[in-house]
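Visitor: Fold the following, please.
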Amino acid sequence: MGDVLSQAEIDKLLQGITNGEIDAEEIKEDASRSVKEYDFKRPAKFSKEHLRTLEIIFEHYGRLISTNFPVYLRKNVQVSVVNSEALTFSEFTNSLSNPVILGIISFLPLSGNIMIELASNIGFAMIDRLLGGQGDPLEKSREFSEIELSLIQKMVSVCVSLLREPWRNVLDLNPVLDRLETNPQFAQIIAPTEMIAIVTLNIKIGDVEGLMNICLPYFTLEGIMDKLNTKFWFSTMQETTDESYVEYMEDMIRHVQVPVLAVLGESTITVTDFVNLQIGDIIRLDSRVSEDMDIYVGNIRKFKALPGSTKDSYAVRVTEIIREEE
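Guide: Model (predicted):
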């Protein structure tokens, strides 16, 4: 018999006791003999309700990553929550490969740290995109160089900054990236036997797919465990209006960097002339000095301008705005 009876099972049980088909004393004896195993090495500190609430929080977090990462990687990013589970810290660290990307994060104002583990193939794919490549991972894993770690730290810092918004309904956080580790032995933030919650996200950058694990120790979340339930979550959830969402998107767009190109003119020469160019040689362009230059924003011709200078730098003065219909 399961722990929870349906209404039909309860009615059938009561009817059996009333008719004498079931002996109440016998049921009482059976119930007294039922024993449920309890593992003292793995105390049940995280309930299913806690884990479900963490999944809701990190579903929101995944949407933020899939929105913000394309700004840096210039490629479509898809993020989804795979699962959540409770286990000991030693079980988590023993499953880590070497090298691995581990971000140690101070979960201020809470005491203690949390940890973000990023698959190395995702790390190398992000590095490749940041350096202008196609976003392909390495065929064979290796240690990260200092330059690569610097780039990875930039992306992990973005992940840390995005943690504030999903946790806002529970606590006003100010998470800070303490350090980045590639060896699990140097990332012992709590005792090996301490219980942690692991939320696993699946990240897909183009054709490259890998996992991100967020390690949340019970020691760190102990002060807010009563708030990690869906009832509290939905009661404090603030409705986002269409107007505030538009303002959020406009603010995001304003921070996107776009290349601006001023074309002085164009010319065609032979390879022989190009190879033999010397200082002082003149290349004749297809435009006159008095004519306006074309200014491109990305690949779109957007302005007309005259060349000039400001202080010690070259500059242009916009003379005309080219509309889309033109």
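Visitor: wait, Leu96 sits on Met115?
Guide: No - contact criterion C-beta atoms under 8 Å: Leu96 and Met115 do not qualify, at 10.2 Å. Quick note: C-beta positions are derived from backbone N, CA and C, even for glycine.
Visitor: ok, the two, which is more surrounded?
Guide: Neighbour count, other C-beta atoms under 10 Å: between Leu96 and Met115, Met115 has more, with 25 against 15.
Visitor: Quick one: the strands in the stretch 151-300 of the chain, in order.
Guide: Using DSSP state E, counting those that start in this stretch, the strands of the stretch 151-300 of the chain run over residues 176-181, 195-205, 208-217, 260-263, 293-297, 300-310.
Visitor: Relative to Ser106, which of those strands is closest?
Guide: strand 176-181 (4.6 Å; C-beta to C-beta).
Visitor: still on that earlier bit, rebuild the strands of the stretch 151-300 of the chain as a markdown table, extending it with mean neighbour count and distance to Ile56.
Guide: Output for the strands of the stretch 151-300 of the chain, formatted as a markdown table (neighbours: other C-beta atoms under 10 Å; distance: least, C-beta to C-beta, whole Å):
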| stretch | mean neighbour count | distance to Ile56 |
| --- | --- | --- |
| strand 176-181 | 16 | 24 |
| strand 195-205 | 21 | 10 |
| strand 208-217 | 20 | 13 |
| strand 260-263 | 12 | 42 |
| strand 293-297 | 16 | 40 |
| strand 300-310 | 13 | 41 |
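Visitor: between these, which one is nearest to Leu73?
Guide: Leu73 sits nearest to strand 195-205 of all the strands of the stretch 151-300 of the chain, at 6.3 Å, using C-beta to C-beta.
Visitor: what is the orientation angle of the closest one with strand 208-217?
Guide: Counting by axes from the mean of the first three to the mean of the last three C-alpha atoms, to 10 degrees, strand 195-205 points 160 degrees away from the direction of strand 208-217.
Visitor: Kindly list the longest helix within this protein.
Guide: In the chain, taking DSSP state H as the definition, the longest helix is helix 48-73.
Visitor: Would you indicate which residues of that helix are buried?
Guide: Of the residues in helix 48-73, 50-51, 53-58, 61-62, 64-66, 68-69, 73 count as buried by neighbour count, 16 or more other C-beta atoms under 10 Å.
Visitor: can you check stretch 148-157 too?
Guide: Those would be 148-149, 151-152, 155-156, for stretch 148-157 by 16+ other C-beta under 10 Å.
Visitor: could you give me the average pLDDT of it?
Guide: In this model, stretch 148-157 has an average pLDDT of 88.
Visitor: Alpha carbons of it, as PDB, please.
Guide: Output in PDB follows, covering the C-alpha atoms of stretch 148-157 (Å, rounded to 0.1, in the frame of the first residue of the first chain):
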ATOM      1  CA  GLU A 148      41.500  31.200 -22.600                       C
ATOM      2  CA  LEU A 149      40.900  31.300 -18.900                       C
ATOM      3  CA  SER A 150      40.600  35.100 -19.100                       C
ATOM      4  CA  LEU A 151      37.900  34.800 -21.800                       C
ATOM      5  CA  ILE A 152      36.100  32.000 -19.900                       C
ATOM      6  CA  GLN A 153      36.100  34.200 -16.800                       C
ATOM      7  CA  LYS A 154      34.400  36.900 -18.700                       C
ATOM      8  CA  MET A 155      31.500  34.600 -19.700                       C
ATOM      9  CA  VAL A 156      31.200  33.100 -16.200                       C
ATOM     10  CA  SER A 157      31.000  36.600 -14.800                       C
END
